[in-house]
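Asker: compute the structure for the input listed below.
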Amino acid sequence: MARPFRPWLVAIAERRALDRIRARGRRARREMPADAAGEIASSAPGVDTELDAQRAAAKLRSAIEALPMAQRTALGLTKIEDRSLAEASRHSGMTVGALKVATHRALHALRRRFGPDQ
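Answerer: A predicted model of the protein is given here:
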């Protein structure tokens, strides 16, 4: 039994349009106006700011090193090296599903450690 093609196509087009609108809204919330970005970029970082950034980076490295090996590997390949799941799977020997779970758990552990009170 053949179904009509046009309603199917219209439904897909509507959903794709909604996805683009939602993505534009998310992107707008993350971006800042160009004049504000120029002000931030033009101000030279102070010694205290650099020292704080170095300390924060050291704390993050320490927290990542404290993660279990599978989580550390998954986080490193998928988020830090920005490899695709398929590529990270081939490199690590873990399945794509295992990589997703390990990455999720690693990020969750880091969020707990560096929560809003930190």
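
Asker: select the longest helix from this protein.
Answerer: Using DSSP state H to define each element, the chain has its longest helix at helix 5-30.

Asker: for it, the distance to its chain's centre please.
Answerer: 22 Å (CA atoms, centre = their mean, to the nearest Å).

Asker: buried stuff in that helix?
Answerer: Neighbour-count burial for helix 5-30, counted by 16 or more other CB atoms under 10 Å, picks out no residue. (C-beta placed from N, C-alpha, C; glycine too.)

Asker: average pLDDT for that helix, rounded please.
Answerer: Across helix 5-30, the average pLDDT comes to 85.

Asker: cool, stretch 55-75 as well?
Answerer: On average, stretch 55-75 scores 91.

Asker: endpoints of that stretch, how far apart?
Answerer: End-to-end distance for stretch 55-75: 21 Å, by CA to CA, to the nearest Å.

Asker: which residues sit against it?
Answerer: For stretch 55-75, contacts defined as CB atoms under 8 Å, 6 or more residues apart in numbering pick out 76, 88, 92, 94, 98-99, 102-103, 105-107, 109-110, 113-114.
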